[in-house]
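J.: Show me how the following folds:
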Amino acid sequence: GDVNAKLKILQLLVQFGAVVEHQDCHGDNALHWSARMQALPTTRFLIQDTDAAVYALISENHKRQKPLDVAKLARDAKPSMVTSAIFDLLSRVHRDCNVRLKIQYGKKLRLHAEAEARARRVDDVTHAADSARMLCHSADQMWTMALEAAECVRNDMEAKVLDEGGKDAVGRARVWLETKEGKAWVKKEAPDAIEAIKSLVHKGVVPKPRDLKKAAAVRVMEEYVLGQETNMRDLIKKKFGREHPAFESRDVEYYKRVVHNGGAR
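T.: Residues are numbered from 1 along each chain as shown. You can find the predicted model right below:
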């Protein structure tokens, strides 16, 4: 194709990051090909505007030929102004091989190493962030499981204390009802209980008992026992709540901070 068109394509490739020192399956890079194809504009562009000048001195193909060797073969095989100009251009690169080229090559190596280091840092940060997210998720799960387990233990303790306290209250209430004071109290409350039972019978809520006075006494005693049990359970529940408060979300966050900070100060 047209040499200028090829040059334009090459310039665009370099502009968007093409690696001029890349070698094909024969070990040839861009300068090898430019010399072989007798493309003076592309050779001049590679030498003057890219890092190819550095690799002109050190890059060899699989035949151990450098770009200058390829240019010499092309000039010897077909002497012309173009082949001679390409050979002279590459020869000057060899003669002008100096500190500038070495610095240029060193800079490229340094930039490459820095790019690799940045990529590794990004990978490390990404890995650390992923690990942190996983650990946070696991920690939250552990906190939730621990909280649920603690609440189960607390609920079992509360139920046991309430049950024991309720039974104790029932026992003491029944004992008191057998005392002289208890029997007198039942007798005193019996008239109201009789009226309550009559009202329920009249409304059809309960059948009429055979012994109204006895039913009233039983009703008074049952209500007293139930009231004593209920009051005791309420007192025990409040006391247990003060001594063993349930965890709330703010408590969980507080204990998380305590653990993360290495313990309470």
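
J.: which regions of this structure lie under the pLDDT threshold?
T.: 1, 52-57, 94-105, 248-265 (pLDDT under 70).

J.: same for the top helix by length along it, what does it pack against?
T.: Counting by DSSP state H, the longest helix found in the chain is helix 99-177. Counting contacts by 3 or more Cβ pairs under 8 Å, 6 or more residues apart in numbering; DSSP states H and E, helix 99-177 is packed against helix 52-58, helix 180-203, helix 212-243, helix 249-260. C-beta here means a position set from N, CA and C on the backbone, and glycine is covered the same way.

J.: Just the angle for it relative to helix 180-203, thanks.
T.: 100 degrees (axes from the mean of the first three to the mean of the last three Cα atoms, to 10 degrees).

J.: Counting neighbours, what do you get for residue 28?
T.: Counted by other Cβ atoms under 10 Å, the residues lying close to residue 28 total 22.

J.: Is it part of a helix or strand, or is it coil?
T.: When classified by DSSP: H, G, I helix; E, B strand; the rest coil, residue 28 comes out as coil.

J.: how near is the spatially closest residue to it that is not a sequence neighbour to residue 161?
T.: Sequence neighbours aside, residue 61 is the residue nearest to residue 28 in space, at 4.8 Å (criterion: Cβ to Cβ, 6 or more residues apart in numbering). Computed as Cβ to Cβ, to the nearest Å, the residue 61 to residue 161 distance reads 90 Å.

J.: what does residue 81 give?
T.: 108 Å.

J.: Looking at these two now, which is surrounded by more residues?
T.: residue 161 (17 against 8).

J.: Might you report the residue contacts of the more buried one?
T.: 236, 240 (Cβ atoms under 8 Å, 6 or more residues apart in numbering).

J.: so how far is residue 154 from it?
T.: Distance from residue 161 to residue 154, by Cβ to Cβ: 11 Å.

J.: Equivalent analysis for residue 16, please.
T.: For residue 16, the distance to residue 154 (Cβ to Cβ) stands at 66 Å.

J.: okay, these two: which has more neighbours?
T.: residue 154 (16 against 7).

J.: Pull the contacting residues for the residue nearest to the spatial centre of the chain.
T.: Centroid check for the chain by Cα atoms, centre = their mean gives residue 133 as the closest residue, at 2.0 Å. By Cβ under 8 Å, 6+ apart, residue 133 lies in contact with nothing.

J.: Any idea how many residues pack against the residue nearest to residue 72 when sequence neighbours are not counted?
T.: Excluding the flanking residues, the one nearest residue 72 by Cβ to Cβ, 6+ apart is residue 87, at 5.9 Å. Residues near residue 87, counting by other Cβ under 10 Å, number 22.

J.: Residue 87 contacts residue 69, doesn't it?
T.: No: if you go by Cβ atoms under 8 Å, residue 87 and residue 69 don't touch, sitting 10.1 Å apart.

J.: quick one: secondary structure of the residue nearest to residue 28?
T.: coil.

J.: ok, now residue 24?
T.: coil.

J.: quick thing: my sequence starts at 46, can you match it?
T.: All right, first residue 46 from here; so that's residue 69.

J.: Over to it: give its phi and psi.
T.: Dihedral pair for residue 69: phi -90, psi -170, per degrees, to the nearest 10.

J.: re the thing from before, format the helices and strands packed on helix 144-222 as JSON lines; extra columns: mean neighbour count and distance to residue 48.
T.: Below are the helices and strands packed on helix 144-222 laid out as JSON lines (neighbours: other Cβ atoms under 10 Å; distance: least, Cβ to Cβ, whole Å):
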{"stretch": "helix 97-103", "mean neighbour count": "21", "distance to residue 48": "17"}
{"stretch": "helix 225-248", "mean neighbour count": "14", "distance to residue 48": "114"}
{"stretch": "helix 257-288", "mean neighbour count": "15", "distance to residue 48": "92"}
{"stretch": "helix 294-305", "mean neighbour count": "12", "distance to residue 48": "68"}
